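**Q** quick one: sequence and predicted model below, then my questions.
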Amino acid sequence: MNIAGREIVDYYTQVPEESRLKAGSSRLEFERTKELIGRFLPPPPAHIVDVGGGSGPYAFWLASLGYSVHLVDATARLVEEAGRLNDASPQPLTSIAIGDARSLSLADASVDAVLLLGPLYHLPDHPERLEALREAKRVLRTNGVVLAAGISRYAGTLDTMALNPTLEPLVVSMRHRALVDGHYRNETDNPRYFVTAYFHRPEDLVQEVADAGYQDVRVFGVEGPCWLLPDFEARWNDLERRRNLLEVARLLEQETSVVGASAHLLAIGTKPGSPDAVGTKGLNRR
């Protein structure tokens, strides 16, 4: 494991990632990501591998819908937490393992969909991201689907301006440098400022997935600009206003001029093959 990889594993060993999607605007990220996943997956009981799935929030949700789900993550602590949850789950996962997105212990053409909801932004070098995407393609059946998340190139700067204003020169410099080439490094001792990552522009994420050999690649803005609202909590806690947040995010998900305002991006691509192969019938594919 290289230096960046060790830093990222150390970060998730210390930071409570397992609770992140239950708080703040991450709840919008979770609901919208599930919505997009559900739109493009083949129906249950298809086989899914959730690579970089942490303690399994998406994996357990998919298992509850009847999917056969394999969970893989690089952080032992999160894998152990997933194991504890699995022991108590009425719909357990098919397998849970420590692993690397670039080298999966799954057979060729053995799954119908691959989730990469973290690996791409934690592999700072372009060749490594291509390696992870091609490894996903290796284990996918013909016409299988990859769903690959990215962090928007502009997320750090927007966060600094709207939610966590700071003029601290080091933090401003970190985030402005990431605007130039996408490479982000936390040079502080504060985990609030995340960890080594790569931030994508929407068009670059599309190109990267296409370069790995996928077809029909599209990218969606997950949250839209809604995550930047200073009164997000009040809106989310009101059912009608929550529905409005989700509706706005949905309406803007492919609006080219604002996709990059989302904190998270989700690329969808298909492994090329014949139209009669497994995985061509999505839930609500469009």
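**A** Sure thing, it's come through.

**Q** alpha carbons only for contacts and neighbour counts from here, please
**A** Will do.

**Q** got the residue ranges for the helices in the stretch 1-150 of the chain?
**A** Applying DSSP state H, counting those that start in this stretch to the stretch 1-150 of the chain gives helices spanning 3-14, 26-40, 57-64, 76-87, 126-139.

**Q** nearest to residue 171, of the ones you listed?
**A** Closest to residue 171 of the helices of the stretch 1-150 of the chain, according to CA to CA: helix 3-14, at 18.1 Å.

**Q** show me where the stretch 151-286 of the chain has its strands.
**A** Using DSSP state E, counting those that start in this stretch, the strands of the stretch 151-286 of the chain run over 183-184, 197-200, 215-221, 264-270.

**Q** how about CSV for those strands, with mean neighbour count, mean pLDDT and distance to residue 43 added?
**A** Shown next, in CSV, are the strands of the stretch 151-286 of the chain (neighbours: other CA atoms under 10 Å; pLDDT from 0 to 100; distance: least, CA to CA, whole Å):
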stretch, mean neighbour count, mean pLDDT, distance to residue 43
strand 183-184, 22, 94, 37
strand 197-200, 26, 97, 30
strand 215-221, 21, 98, 19
strand 264-270, 25, 98, 15
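
**Q** distance to residue 78 added to the ones you listed, as a markdown table?
**A** Formatted as a markdown table, the entries for the strands of the stretch 151-286 of the chain read as follows, by distance: least, CA to CA, whole Å:
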| stretch | distance to residue 78 |
| --- | --- |
| strand 183-184 | 23 |
| strand 197-200 | 19 |
| strand 215-221 | 27 |
| strand 264-270 | 21 |
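
**Q** and the ones you listed: which comes nearest residue 47?
**A** Closest approach to residue 47 among these is made by strand 264-270 (15.2 Å; CA to CA).

**Q** ok, back up a step: ok, which of the helices of the stretch 1-150 of the chain comes nearest residue 106?
**A** helix 126-139 (6.4 Å).

**Q** buried ones in that closest one?
**A** If you call a residue buried by 16 or more other CA atoms under 10 Å, then helix 126-139 has these buried ones: 128, 129, 130, 131, 132, 133, 134, 135, 136, 137, 138, 139.

**Q** and of those residues, the nearest to residue 73?
**A** residue 132 (13.0 Å).

**Q** spatially nearest residue to the closest one, not counting backbone neighbours?
**A** Spatial nearest neighbour of residue 132, chain neighbours left out: residue 102 (4.3 Å); criterion: CA to CA, 6 or more residues apart in numbering.

**Q** need the phi and psi values for that neighbour.
**A** Here is the backbone geometry of residue 102 (degrees, to the nearest 10): phi -90, psi -10.

**Q** mind listing what it touches?
**A** 128, 131, 132, 133, 135 (CA atoms under 8 Å, 6 or more residues apart in numbering).

**Q** tell me which of the strands of the stretch 151-286 of the chain sits nearest to residue 143.
**A** strand 264-270 (5.5 Å).

**Q** from the chain's centre, how far out does that closest one sit?
**A** Mean-position distance between strand 264-270 and its chain equals 9 Å (CA atoms, centre = their mean, to the nearest Å).

**Q** and stretch 69-82, by the same measure?
**A** How far stretch 69-82 lies from its chain's middle: 15 Å, per CA atoms, centre = their mean.

**Q** same check, this time on stretch 202-214
**A** Centroid separation for stretch 202-214 versus its chain: 15 Å, with CA atoms, centre = their mean.

**Q** could you pull up the mean pLDDT of it?
**A** Average pLDDT, stretch 202-214: 98.

**Q** likewise stretch 233-243?
**A** What stretch 233-243 shows for mean pLDDT is 97.

**Q** could you do stretch 154-173 as well?
**A** Taken as a whole, stretch 154-173 has an average pLDDT of 82.

**Q** cool, and stretch 93-106?
**A** 97.

**Q** in that stretch, what's buried?
**A** By 16+ other CA under 10 Å, the buried positions in stretch 93-106 come out as 93, 94, 96, 97, 98, 99, 100, 101, 102, 104.

**Q** pull the most distant pair out of the residues you listed.
**A** The most widely separated members of the buried residues of stretch 93-106, counting by CA to CA, are 93 and 102 (21.6 Å).

**Q** quick one on the thing from earlier: closest one to residue 112 out of the buried residues of helix 126-139, please.
**A** For these, the nearest to residue 112 is residue 139 (8.5 Å; CA to CA).

**Q** how much space separates the closest one from residue 229?
**A** Separation of residue 139 from residue 229 (CA to CA, to the nearest Å): 40 Å.
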